[in-house]
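Undergrad: sequence? don't have it. structure:
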């Protein structure tokens with residue numbers, strides 16, 4: 001988790017920047033000209049995460065946006081790590097076999113997606129962490145009858161209320177959790193009332209945050225529902241079949257082992273129907289499957305609960321079928337599958353924990369650091385790195401960086417002839433085009449999203465046509 005926070009820089013999806021950090025930037029520099037997404041004007045995004053980013057920037061890290069982003073990733077990784085291990089501690093009580101417990105601990109500590117996911121300052125990550133914490137608090141409240149049960153129930157409601165406001169579709173999981181409380185656990189009206197009070201308290205706090213951010217009273221959950229579902233705005237971004245999430249889970253759970261884990265989840269639903277995660281996850285996944293617009297990231301709040309359910313289901317299935325408790329000692333196929341899983345999972349874990357999450361961050365960070373002492377002018381050949389196709393960057397932009405557009409080699413040559421110092425050129429490709437090399441054969445690579453070791457391996461430049469951002473330096477006196 002620490003490695004992912006430090007090395008896996010950047011966003012996993014543009015929404016993390018444009019609907020959180022750019023929102024925060026609109027409050028940090030209120031007079032600056034910027035491009036904000038349509039969600040800002042429809043007031044469908046809550047202010048809680050932009051408020052956190054705003055506070056960290058102003059009162060903790062200072063003006064360097066990349067230090068702010070690092071602090072937010074560290075906070076996200078710590079929150080995610082804490083939440084999954086707390087839920088793991090509860091889930092271990094549901095298992096009876098030592099092998100099942102060992103598998104759950106291994107999944108919790110080493111599953112490839114968890115460090116990468118938890119290190120993101122994204123709504124899906126924080127909503128998932130708060131959902132896990134809320135589930136733990138609900139279990140503690142219901143199972144441990146003590147004098148602080150009212151306070152723990154109030155805290156559970158507060159945490160689940162923030163989970164809802166961090167990402168509104170988590171309401172589907174909360175509906176399942178509520179049904180579990182009423183139908184299965186039935187803790188009593190006092191506990192349920194305390195949870196409801198905590199939930200309302202969270203809604204009130206977020207209502208105040210939204211008022212601070214938008215400058216007027218607004219109900220962002222209602223706006224979200226009306227715009228995305230009633231007006232079908234979300235469907236404009238694509239419509240997918242109901243089995244979309246089953247297909248994505250097959251990939252996320254590391255094939256071919258995912259062919260075992262998915263049936264195990266179904267087994268948990270059938271054989272352990274009273275489990276709190278069954279009600280929570282089933283309502284979430286089934287509800288999302290009926291929504292037209294689907295994305296893989298929408299599953300992220302319940303990824304860890306799904307992993308837990310797969311282990312619970314495997315144990316229940318083995319017990320039902322009378323299979324040996326340690327199948328890996330008795331089956332060569334099972335051992336081979338386990339080796340294959342941990343090999344593929346380990347490779348993905350290393351890559352996603354150490355490689356930047358997106359290439360834009362590498363170039364943006366270099367430009368910001370290179371312009372700290374003096375202004376920096378960059379020739380933009382083939383595009384502006386502050387305009388990445390999803391919007392215009394404001395939060396990570398350096399005011400000391402300016403761009404001169406060069407749409408052709410002739411324009412770049414004219415600029416070289418007038419330059420007195422080294423010229424920096426941005427190229428949205430792994431290697432500079434041949435026409436630029438002809439004008440400046442001593443191109444020196446300054447920054448690139450393509451790692452240096454991979455360049456050394458790519459001797460025949462097979463990656464030359466791939467859009468990998470790079471910045472080169474050219475000395476005009478040698479041109």
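TA: Yep, it's here. In this text, all values refer to a predicted model and were calculated from it rather than measured experimentally. Numbering: from 1, shown residues only.

Undergrad: hey, where'd the strands end up in the stretch 101-250 of the chain?
TA: Using DSSP state E, counting those that start in this stretch, no strands are found in the stretch 101-250 of the chain.

Undergrad: straight-line length of stretch 166-185, end to end?
TA: Start and end residues of stretch 166-185 are separated by 26 Å (CA to CA, to the nearest Å).

Undergrad: now it: buried residues?
TA: 166-174, 176-178, 180-181, 185 (16 or more other CB atoms under 10 Å). Backbone N, C-alpha and C define where each C-beta goes, glycine included.

Undergrad: same thing with stretch 90-105?
TA: 90, 91, 94, 95, 99, 100, 101, 103, 104.

Undergrad: the second one: what's it in contact with?
TA: Yep, that's residue 91 we're talking about. Neighbouring residues of residue 91 by CB atoms under 8 Å, 6 or more residues apart in numbering: 104, 277, 308, 311, 312.

Undergrad: surely residue 311 forms part of a helix?
TA: Yes: counting by DSSP: H, G, I helix; E, B strand; the rest coil, residue 311 is part of a helix.

Undergrad: now it, nearest residue through space, not along the chain?
TA: residue 104 (4.6 Å; CB to CB, 6 or more residues apart in numbering).

Undergrad: look up how far residue 85 lies from the one you found.
TA: 11 Å (CB to CB, to the nearest Å).

Undergrad: how many other residues sit next to the residue nearest to residue 194 when sequence neighbours are not counted?
TA: Leaving aside its sequence neighbours, residue 194 sits nearest to residue 153 (CB to CB, 6+ apart; 3.7 Å). Using other CB atoms under 10 Å, residue 153 is surrounded by 26 other residues.

Undergrad: quick one: residue 153 from residue 167, how far?
TA: Residue 153 is 23 Å from residue 167, where distance means CB to CB.

Undergrad: repeat that for residue 175.
TA: Residue 175 is 14 Å from residue 167, by CB to CB.

Undergrad: shaky segments in the protein?
TA: Low-confidence segments of the chain, defined by pLDDT under 70: 31-34, 144-147, 323-331, 389, 476-479.

Undergrad: if we use 80, what do you get?
TA: Counting by pLDDT under 80, the chain contains low-confidence residues at 30-35, 144-147, 322-335, 337, 388-391, 441, 453, 459, 464-465, 475-479.

Undergrad: between the buried residues of stretch 90-105, which is closest to residue 220?
TA: The nearest member of the buried residues of stretch 90-105 to residue 220, counting by CB to CB, is residue 90 at 31.4 Å.

Undergrad: test my guess that that closest one contacts residue 138.
TA: No: in this structure, residue 90 is not within contact of residue 138 by CB atoms under 8 Å, at 9.9 Å.

Undergrad: burial count for the residue nearest to residue 16 when sequence neighbours are not counted?
TA: Distances taken as CB to CB, 6+ apart put residue 122 closest to residue 16, at 4.4 Å, once the chain neighbours are dropped. Look at residue 122: counted by other CB under 10 Å, it has 26 neighbours.

Undergrad: surely residue 122 meets residue 11?
TA: Yes: using CB under 8 Å, residue 122 is in contact with residue 11, at 7.4 Å.

Undergrad: just checking, what packs against the one helix or strand residue 425 maps to?
TA: According to DSSP states H and E, residue 425 maps onto strand 423-427. In terms of contacts (3 or more CB pairs under 8 Å, 6 or more residues apart in numbering; DSSP states H and E), strand 423-427 is packed against strand 376-380, helix 409-418, strand 470-474.

Undergrad: check which residues of the helix or strand following that strand are buried.
TA: Using DSSP H and E, the helix or strand that follows strand 423-427 in sequence is helix 434-439. For helix 434-439, burial by neighbour count (16+ other CB under 10 Å) applies to 436, 439.

Undergrad: what pairs with the very next helix or strand once past helix 434-439, parallel or antiparallel?
TA: Once helix 434-439 ends, the next helix or strand along the chain (criterion: DSSP H and E) is strand 444-448. Sheet pairing here is set by DSSP bridges, and for strand 444-448 it gives strand 470-474 (antiparallel).

Undergrad: how far off strand 423-427 does the partner strand point, in degrees?
TA: 150 degrees (axes from the mean of the first three to the mean of the last three CA atoms, to 10 degrees).

Undergrad: can you point out the buried residues in strand 470-474?
TA: So for strand 470-474, counting by 16+ other CB under 10 Å, buried means 470, 471, 472, 474.

Undergrad: go on, stretch 109-122?
TA: Within stretch 109-122, the residues that qualify as buried are 111, 112, 113, 114, 115, 116, 117, 118, 119, 120, 121, 122, counting by 16+ other CB under 10 Å.

Undergrad: which one of the residues you listed is nearest to residue 352?
TA: For these, the nearest to residue 352 is residue 116 (4.0 Å; CB to CB).

Undergrad: so how far is residue 114 from the spatially closest residue to that closest one that is not a sequence neighbour?
TA: Among residues not flanking residue 116 along the chain, residue 352 sits closest, at 4.0 Å (CB to CB, 6+ apart). Plainly put, residue 352 is 10 Å away from residue 114 if you go by CB to CB.

Undergrad: biggest separation within the buried residues of strand 470-474, which pair?
TA: Pairwise distances among those were taken by CB to CB; the largest, 12.7 Å, belongs to 470 and 474.

Undergrad: quick one: common contacting residues for the two?
TA: In contact with both residue 470 and residue 474: no residue, using CB under 8 Å, 6+ apart.

Undergrad: distance of residue 395 from residue 375?
TA: For residue 395, the distance to residue 375 (CB to CB) stands at 20 Å.

Undergrad: the more surrounded of those two?
TA: residue 395 (23 against 10).

Undergrad: from what I see, the more buried one and residue 18 are in contact.
TA: No: between residue 395 and residue 18 there is no contact under CB under 8 Å: 9.2 Å.

Undergrad: and residue 49, how many neighbours does it have?
TA: By the criterion of other CB under 10 Å, residue 49 has 26 neighbours.

Undergrad: that one: helix or strand, and which one exactly?
TA: Residue 49 belongs to helix 48-56, assigned by DSSP H and E.

Undergrad: what's the distance between that helix and the middle of its chain?
TA: Distance, stretch centre to chain centre, for helix 48-56: 17 Å (CA atoms, centre = their mean, to the nearest Å).

Undergrad: how about whatever helix or strand comes next after it: buried residues?
TA: The helix or strand immediately downstream of helix 48-56 is helix 65-91, counting by DSSP H and E. Buried residues in helix 65-91, counted by 16+ other CB under 10 Å: 65-66, 68-69, 71-81, 83-84, 86-88, 90-91.

Undergrad: contacting residues around the closest residue to residue 134 other than its chain neighbours?
TA: In this structure, residue 134 finds its nearest non-sequential neighbour in residue 160, 3.9 Å apart by CB to CB, 6+ apart. By CB under 8 Å, 6+ apart, residue 160 lies in contact with 130, 131, 134, 138, 174, 177, 195, 198, 199, 202.
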